[in-house]
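Q: Based on what follows, work out the 3D shape:
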Amino acid sequence: MTPAIKLLQKQKIEFTPREYSCDEESSGYGMQAVDALGQDPQRVFKTLLACIDGNDRKPVVALISVADLLDLKKLASHFKGRKATMAEPAIAERVTGYVVGGISPLGQKQLLKTCIDQSAFNFDTIFVSGGKRGLQLELKPTDLKAAIRASTANVAKPIV
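A: Sure, this is the predicted structure:
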C-alpha cells in the first residue's frame, strides 16, 4: 500500500485503484497508463515538479493531462514568480519520496504547493499516479483538490 492510498483512506475519500503492466525501461509512463487503461489522455493526469525562480529546495507541483504540456510561464505567474524551470528528476524523487514515473500528487514526503490544471474539472473522475509505476488512482478532481489543498489554474498548453 502506497502513501497515496493511505492518505485517501485516512481522509475517507472514495477512489478506485487501477493496476497495469508497466514497461520500466520506457519513459512515456503517462501514455502507458492511457493505453493500458483504455482512457482518454485528457483524463489521465501527470504529476510534474517545477522550481519557481530557481528555488530547488521547495519545488511546486503541477498536475496536467498526459495530452498536454506544462506552460512554465503560466505556472510561474500562478505562484507569483517570474520564471519556472522543470525540477531535476533527483530533486523530484527526493522531495516527494516517489520514483519518476510513479510520482503521485498524494502522500508526498512534504506537502508542496500544488496546482491542478482546470481541465481536470471537465470530468467526473480523473486518473493520477498511485505512487508507483503501474498504478493509477481514479477519483473526483474535487476530492483530489481538497486532499492536497491544491489551487486551480490554466497551466497547460496543447502538444503541437
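Q: which strand of this protein spans the most residues?
A: Counting by DSSP state E, the longest strand found in the chain is strand 45-52.
Q: could you point out which element follows that one?
A: Sequence-wise, the next helix or strand downstream of strand 45-52 (DSSP states H and E) is strand 60-65.
Q: Show me what the next helix or strand after that following strand is packed up against.
A: Sequence-wise, the next helix or strand downstream of strand 60-65 (DSSP H and E) is strand 68-70. Here strand 68-70 touches strand 156-158, going by 3 or more C-beta pairs under 8 Å, 6 or more residues apart in numbering; DSSP states H and E. For the C-beta atoms, the positions are set from N, CA and C on the backbone; glycine is no exception.
Q: Mind giving me the packing neighbours of the strand it packs on?
A: Checking 3+ C-beta pairs under 8 Å, 6+ apart, strand 156-158 ends up next to strand 68-70.
Q: Contacts for the helix or strand just after the strand it packs on, please.
A: Downstream of strand 68-70, the next assigned helix or strand under DSSP H and E is helix 72-78. Here helix 72-78 makes contact (C-beta atoms under 8 Å, 6 or more residues apart in numbering) with 50, 52-53, 60, 62, 82-86, 115, 151, 153-155, 157.
Q: Go again with 6 Å.
A: 50, 52, 62, 83, 84, 115, 153, 155 (C-beta atoms under 6 Å, 6 or more residues apart in numbering).
Q: Identify the residues contacting the fifth one.
A: Spelled out, that is residue 84. Residue 84 sits next to 50, 52, 72, 75, 76 when contact means C-beta under 6 Å, 6+ apart.
Q: Dig out what the first one forms beta bridges with.
A: Assessed by DSSP bridges, residue 50 has beta-bridge partners residue 60, residue 86.
Q: How confident was the prediction at it?
A: Looking at residue 50, its pLDDT reads 96.
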